[in-house]
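> kindly return the folded structure for what I paste below:
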Amino acid sequence: MPQNNDKSRFSADHAAVALSVLCTLHCLLLPVLLILVPTGSFFLFLSDESFHAWILVAVLPISLLAVTSGYLHHKRLSTLALCLFGIALLVVSAAVGHDLFGHEGEIAVTIMGSVLIAAGHIRNIRLKRAANEAVNTN
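Numbering: from 1, shown residues only. The predicted structure is shown next:
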C-alpha cells in the first residue's frame, strides 16, 4: 500500500513540474506565436487572461497535494516554503499582476513563481526518493 501513495505523490510532483513548465512556455512563447501567426484563433484563446485562471486552477490543487504530502514525509520546511512562495507569486500574478507590475512585470512574476514551484517539486521528488532509499537500505 505505501508504494501506491509514493507513486501518486511522485505523479503529483511530476504533474506540478509539467504545469509549471507549461506556464513558463506560455509566458515566453505566446508573444512570438501571436506575431508569427496573428490570425490563429487557438493562439488568441491562449492569450486571453482566463488562461491564467485555468492554469492556476490546475496548478493549485496538484501542487498543494504533492508538496504537503512530501513535507509530511520528509519534514523539510524549506521545500514546502519554496513551493508555497511560488504558488503565492502565481496567485498574485493571476489576480492583480498586470495592475501591480504591468505586462512585462506580470510575466516576470509568473515565470519566477513557476520556476520556484518546479524547483520545489523537483526537490520534493529527490527528498522522497532519498528517504525511500534510506528505508530500503535499513
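
> so what's residue 136 scoring on pLDDT?
For residue 136, the pLDDT comes out at 79.

> now residue 34
Reported pLDDT for residue 34: 69.

> and what of residue 44?
What the model reports for residue 44 is a pLDDT of 56.

> helices or strands up against the longest helix anywhere in the chain?
The longest helix of the chain (DSSP state H) is helix 98-137. Helices and strands touching helix 98-137, by 3 or more C-beta pairs under 8 Å, 6 or more residues apart in numbering; DSSP states H and E, are helix 2-36, helix 50-74, helix 77-92. (Glycine included, C-beta is placed from N, CA and C.)

> now render those helices as a markdown table, adding distance to residue 101 and mean neighbour count.
A markdown table is the format used below for the helices and strands packed on helix 98-137 (distance: least, C-beta to C-beta, whole Å; neighbours: other C-beta atoms under 10 Å):
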| stretch | distance to residue 101 | mean neighbour count |
| --- | --- | --- |
| helix 2-36 | 13 | 16 |
| helix 50-74 | 13 | 17 |
| helix 77-92 | 9 | 18 |
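
> give the buried residues for the longest helix of the chain.
101, 106-125, 127-128, 131 (16 or more other C-beta atoms under 10 Å).

> residue contacts, the nearest residue to residue 28 once chain neighbours are set aside?
Sequence neighbours aside, residue 111 is the residue nearest to residue 28 in space, at 7.3 Å (criterion: C-beta to C-beta, 6 or more residues apart in numbering). Neighbour list for residue 111: 23, 24, 27, 28 [criterion: C-beta atoms under 8 Å, 6 or more residues apart in numbering].

> hmm, back to that, chain center to the longest helix of the chain: distance?
Here helix 98-137 is found 6 Å from its chain centre; the criterion is C-alpha atoms, centre = their mean, to the nearest Å.

> kindly report the same for stretch 50-66.
Counting by C-alpha atoms, centre = their mean, stretch 50-66 is centred 8 Å from the centre of its parent chain.

> what of stretch 129-138?
Centre-to-centre, stretch 129-138 and its host chain are 27 Å apart (C-alpha atoms, centre = their mean).
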